[in-house]
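S.K.: next comes the sequence, and after it the predicted model I'd like to discuss.
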Amino acid sequence: DVKVTQSSRYLVKRTGEKVFLECVQDMDHENMFWYRQDPGLGLRLIYFSYDVKMKEKGDIPEGYSVSREKKERFSLILESASTNQTSMYLCASSFRWRPLAEAFFGQGTRLTVV
Amino acid sequence: DQQVKQNSPSLSVQEGRISILNCDYTNSMFDYFLWYKKYPAEGPTFLISISSIKDKNEDGRFTVFLNKSAKHLSLHIVPSQPGDSAVYFCAATYTGTASKLTFGTGTRLQVTL
């Protein structure tokens, strides 16, 4: 079974803090993604990576950065957390080249910025 | 610009009846569509998919229909069960995007006894 593991289920951080969200997958997937889920807005793509050290901006990259030093690990960084970044963050991974490849998600991290 | 739209935020269906969840898209390049199911405090799980070369795909109680000319797809659940109560997301992608998925806003399905 594919396993995508996010380091924390719940986090509470203060405004201005630097926040790291970690994600690890064990299926040798090339692609990894970070989404955030907000009520009424669905899942919105923040960043994705299709290879080690490669990254591309998604639809809402402002205020975020990412790091992918190893194939199995993809980190999301909030450089200076703000209250409008309070959200559910979801990491996903998938094969890049296999046709019709669905993404597998982690359990999510509920981040609250106070 | 919302390229994948789910216009019904919620749906309530009696157990045993059919649930129909709808999804519309605007990007004609999309050629592969997926449905995900999400329970509270969990990540989405893949449910069923369909390629644009087909107009129907079935998997047990779940059937997805695709109408390319209308840029519309629907998920049918027959019969609906209480365990189907969840938020359902429609997603789309196209060849050349390295399997990057664009999601809709979701529909909350409640199956009542």
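M.R.: Cool, the structure landed. Numbering: from 1, shown residues only, chains lettered A, B, ... in the order given.

S.K.: need the nearest residue in space to A:Ile46, chain neighbours excluded.
M.R.: A:Trp34 (4.5 Å; Cβ to Cβ, 6 or more residues apart in numbering or on different chains). Every C-beta, even on glycine, is put in place using the N, C-alpha and C of the backbone.

S.K.: following the chain past whichever strand or helix holds that neighbour, name the next helix or strand.
M.R.: Using DSSP states H and E, A:Trp34 falls within strand A:31-38. Proceeding C-terminally, strand A:31-38 gives way to strand A:42-49 as the next helix or strand, assigned by DSSP H and E.

S.K.: quick revisit: is the residue nearest to A:Ile46 bridged to anything, and to what?
M.R.: A:Tyr47, A:Cys91 (DSSP bridges).

S.K.: kindly state the pLDDT recorded for it?
M.R.: Note for A:Trp34: predicted pLDDT of 97.

S.K.: which one of the residues in chain B is closest to chain A?
M.R.: Proximity of chain B to chain A (Cβ to the nearest Cβ) peaks at B:Gly43, 3.3 Å away.

S.K.: got the contact list for that residue?
M.R.: When contacts are counted by Cβ atoms under 8 Å, 6 or more residues apart in numbering or on different chains, B:Gly43 touches A:Val4, A:Leu90, A:Ala92, A:Phe105, A:Gly106, A:Gln107, A:Gly108.

S.K.: give me every residue in chain B lying close to chain A.
M.R.: Chain B comes close to chain A at residues B:4, B:6, B:9, B:32, B:34, B:36, B:41-46, B:49, B:51, B:89, B:91, B:98-106, as judged by Cβ under 8 Å from any Cβ of the partner chain.

S.K.: for the nearest residue to A:Asp38 once chain neighbours are set aside, what are its contacts?
M.R.: Closest residue in space to A:Asp38, ignoring its immediate chain neighbours: A:Ser87 at 5.5 Å, by Cβ to Cβ, 6+ apart. Contact partners of A:Ser87, counting by Cβ under 8 Å, 6+ apart, are A:Arg36, A:Gln37, A:Asp38, A:Leu111.

S.K.: pull out the buried members of the residues of chain B next to chain A.
M.R.: The neighbour-count criterion (16 or more other Cβ atoms under 10 Å in any protein chain shown) marks B:4, B:6, B:32, B:34, B:36, B:43-44, B:46, B:49, B:89, B:91, B:98-106 among the residues of chain B next to chain A as buried.

S.K.: in chain A, what residue comes closest to chain B?
M.R.: Taking Cβ to the nearest Cβ, chain A has A:Phe105 as its residue nearest chain B, at 3.3 Å.
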